[in-house]
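J.: Next one to model:
(4 chains)
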Amino acid sequence: MEIDIITFGKISEIIPNGIMSFAAVTDTDELKAILEQRYPQLAGIKYKLALNKTLIQENKPVTDGVTVAIMPPFSGG
Amino acid sequence: MEIDIITFGKISEIIPNGIMSFAAVTDTDELKAILEQRYPQLAGIKYKLALNKTLIQENKPVTDGVTVAIMPPFSGG
Amino acid sequence: MSDKKIKNIFIQGPVPPSFIAESIGKHSSRTSIGAHQIFLGQVRGDEVSGKVVTAIEYTAFEDLALEKMHVIREDLFGKYPLTCMHIYHSLGLVKTGELCLFVFTSSAHREAATQACAEVVERIKGELPIWGKELFDDSTHQWKENK
Amino acid sequence: MSDKKIKNIFIQGPVPPSFIAESIGKHSSRTSIGAHQIFLGQVRGDEVSGKVVTAIEYTAFEDLALEKMHVIREDLFGKYPLTCMHIYHSLGLVKTGELCLFVFTSSAHREAATQACAEVVERIKGELPIWGKELFDDSTHQWKENK
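T.: Residues are numbered from 1 along each chain as shown, chains lettered A, B, ... in the order given. Sure, this is the predicted structure:
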């Protein structure tokens, strides 16, 4: 399956933006585990996910073609 | 004795600015009583006095030639 | 005693928005500042028993007000880590919709500027010998009272 | 649903002081306003282990930020009797000493504008997906972190 990954802040220096292929991912917890394996630096960073522009606070199902934003702590203002 | 009276706000519409003559005034409590007799409307207004540009919170001696400011509640800002 | 320079705060007529912009712009060279807090008082067109306020005419016991403002300024610089504090209050006529008070505090982090700004506005309204005469559209007036 | 008009808050580069003056001036026709509260964020020239911040480069997840800002705006209009609220945040490069955030709240009496302004600044910093990259004078950088 394919997931459109968009990254921000310091995570954009670790994981590039773009379509990424996965064998099979059922939910965001699984996606996070796979990403942290592929990009070990991610494991050391606090981050939040948004699915199709909706910020998620807990584990959610992931479907083919979804857009996932990976966001480190905000620092606007 | 003579006292230089300066008035502000709505009190300026009751008591004119200028040198005012008094028989003998020893302190500000006495001055207030005389003024409220001369200008009965003053008795109905909350006001503060300043002696020679110093705001006073309690009874103070009054000397010849002093400047007394009579000030209704502030309404700046 | 050391810093006994009394600054003027009074300006004749309303505070122009362009004056506020200039005042803000002057702070770009102070690179330790991270936060500015600004309070502006604007004359309201209040309706009082069918009459509408068209302007407020401000008078002050200027010498006493400036001395008191100096004390307030010193108090607040002692209490908060401020970089700057600028205060301007109108005298004379300020029409409805125009600005009569401009309070401007700056600090490295926002808490100091924010708290000092609110506190100085409160003290200006409560402690400075300034009076506002509300002028109505029928040429009558009433003296403003701060709540 | 009723009022689902998402306003843009982002401007490219710094907030010019003249823009602030224009924004203030536009409120002179709103004669129910008695108080304006303005918060400005300015980029500090912080020193970090011998290097000095010369600019911050801001990026945002814009769609999400604007939706979140809409929610914050609705929350605050529901909580305080505000007349207006205007928010502007920079994207791209903002040099040290320049302004990156402009928050502007207005109300009849000062309490609402003052409290809403402080609350919206807090929520902007905590809830909007915006990131600041601090650029140093030796061409290195670090990602800003809000405390």
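
J.: Run through who's touching stretch C:137-147.
T.: Residues outside stretch C:137-147 that contact it (C-beta atoms under 8 Å, 6 or more residues apart in numbering or on different chains): B:9-10, B:72-77, C:48, C:51-52, C:54, C:56-57, C:125-126, C:131-136. Every C-beta, even on glycine, is put in place using the N, C-alpha and C of the backbone.

J.: Residues of chain C that sit close to chain D?
T.: C:17-18, C:20-22, C:24-25, C:27-45, C:96-99, C:106, C:108, C:110, C:114, C:118, C:121 (C-beta under 8 Å from any C-beta of the partner chain).

J.: just to revisit the earlier point, filter the contacts of stretch C:137-147 down to the buried ones and hand me the ChimeraX line.
T.: The following ChimeraX line selects those of those that are buried, judged by 16 or more other C-beta atoms under 10 Å in any protein chain shown:
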select /B:9,10,72,73,74,75,76,77 /C:51,54,56,57,125,131,132,133,134,135,136
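
J.: tell me which parts of chain A are close to chain D?
T.: Going by C-beta under 8 Å from any C-beta, the residues of chain A near chain D are A:6, A:8-10, A:50, A:53, A:55, A:69, A:71-77.

J.: Please flag which of those sit within strands.
T.: A:6, A:50, A:55, A:69, A:71 (DSSP state E).

J.: which two from those end up farthest apart in space?
T.: Taking C-beta to C-beta as the measure, those span a maximum distance of 13.2 Å, between A:6 and A:55.

J.: gap between residue A:27 and chain B?
T.: Between residue A:27 and chain B the distance is 57 Å, computed by C-beta to the nearest C-beta, to the nearest Å.

J.: For stretch C:99-119, list every residue counted as buried.
T.: For stretch C:99-119, using 16+ other C-beta under 10 Å, the buried residues are C:99-108, C:110, C:112-119.

J.: Which one (most neighbours) among the ones in strands among the residues of chain A next to chain D?
T.: Using other C-beta atoms under 10 Å in any protein chain shown as the neighbour criterion, residue A:69 leads these with 25 neighbours.

J.: Which strands or helices does the strand or helix carrying residue C:89 pack on?
T.: Using DSSP states H and E, residue C:89 maps to strand C:82-95. Applying 3 or more C-beta pairs under 8 Å, 6 or more residues apart in numbering or on different chains; DSSP states H and E, one finds that strand C:82-95 contacts strand C:10-12, strand C:51-60, helix C:62-79, strand C:99-107, helix C:110-127.

J.: Next, format the ones you listed as CSV and append mean pLDDT.
T.: Converted to CSV, those look like this (pLDDT from 0 to 100):
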stretch, mean pLDDT
strand C:10-12, 98
strand C:51-60, 98
helix C:62-79, 97
strand C:99-107, 98
helix C:110-127, 98
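
J.: Go through those and name the closest to chain B.
T.: With C-beta to the nearest C-beta, the closest approach to chain B among the helices and strands packed on strand C:82-95 belongs to helix C:110-127: 4.0 Å.

J.: what about the closest one, near chain A?
T.: No. Residues of helix C:110-127 are not located near chain A by C-beta under 8 Å from any C-beta, the shortest gap being 8.6 Å.

J.: I'd like to know which elements the following helix or strand past that helix is packed against.
T.: Per DSSP H and E, the first helix or strand lying C-terminal to helix C:110-127 is strand C:130-136. Packing contacts for strand C:130-136, counted by 3+ C-beta pairs under 8 Å, 6+ apart, involve strand C:51-60, strand C:141-143.

J.: Quick check: mean pLDDT of strand C:130-136?
T.: Computed over strand C:130-136, the mean pLDDT rounds to 98.

J.: Name the residues that touch that strand?
T.: B:8-10, B:72, B:74-77, C:46, C:48, C:51-61, C:65, C:89, C:100, C:141-144.

J.: Tell me which residues touch residue 42, please.
T.: Just so you know, I chose chain A. Counting by C-beta under 8 Å, 6+ apart, residue A:42 has contacts A:11, A:14, A:15, A:35, A:36, A:70.

J.: Wait, chain C was what I had in mind.
T.: Counting by C-beta under 8 Å, 6+ apart, residue C:42 touches C:97, C:98, C:99, C:100, D:27, D:28, D:33, D:34, D:35, D:36, D:106.

J.: filter those down to the ones close to chain B.
T.: residue C:100.

J.: if we can go back for a sec, now render the helices and strands packed on strand C:130-136 as CSV, adding distance to residue B:44.
T.: Shown next, in CSV, are the helices and strands packed on strand C:130-136 (distance: least, C-beta to C-beta, whole Å):
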stretch, distance to residue B:44
strand C:51-60, 21
strand C:141-143, 13
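
J.: How about the spatially most central residue of chain C: what's its closest non-neighbour residue?
T.: Here the mean C-alpha position of chain C is nearest to the C-alpha of residue C:101 (C-alpha atoms, centre = their mean), at a distance of 3.3 Å. Excluding the flanking residues, the one nearest residue C:101 by C-beta to C-beta, 6 or more residues apart in numbering or on different chains is residue C:41, at 3.4 Å.

J.: What's the local residue count around that neighbour?
T.: 27.

J.: Pull the contacting residues for it.
T.: So residue C:41 contacts B:77, C:99, C:100, C:101, C:102, D:34, D:35, D:110 (C-beta under 8 Å, 6+ apart).

J.: which residues does the closest residue to the last one other than its chain neighbours bridge with?
T.: Setting aside the residues directly before and after it, residue D:110 is nearest to residue D:35 in space (C-beta to C-beta, 6+ apart), at 3.8 Å. The partner list for residue D:35 in beta bridges (DSSP bridges) reads residue C:41, residue D:107.

J.: And the residue of chain C that's closest to chain B?
T.: For chain C, C-beta to the nearest C-beta, closest residue to chain B: residue C:130, 2.8 Å.

J.: partner residues bridging that residue?
T.: residue C:60.

J.: Could you count how many residues lie near it?
T.: If you count neighbours by other C-beta under 10 Å, residue C:130 ends up with 29.

J.: and the gap between it and chain A?
T.: In terms of C-beta to the nearest C-beta, residue C:130 sits 35 Å off from chain A.

J.: if I look at that residue, how far off is residue A:4?
T.: 61 Å (C-beta to C-beta, to the nearest Å).

J.: Quick check: nearest residue in space to residue A:52, chain neighbours excluded?
T.: Using C-beta to C-beta, 6+ apart, the closest residue to residue A:52 is residue A:67 (5.3 Å).
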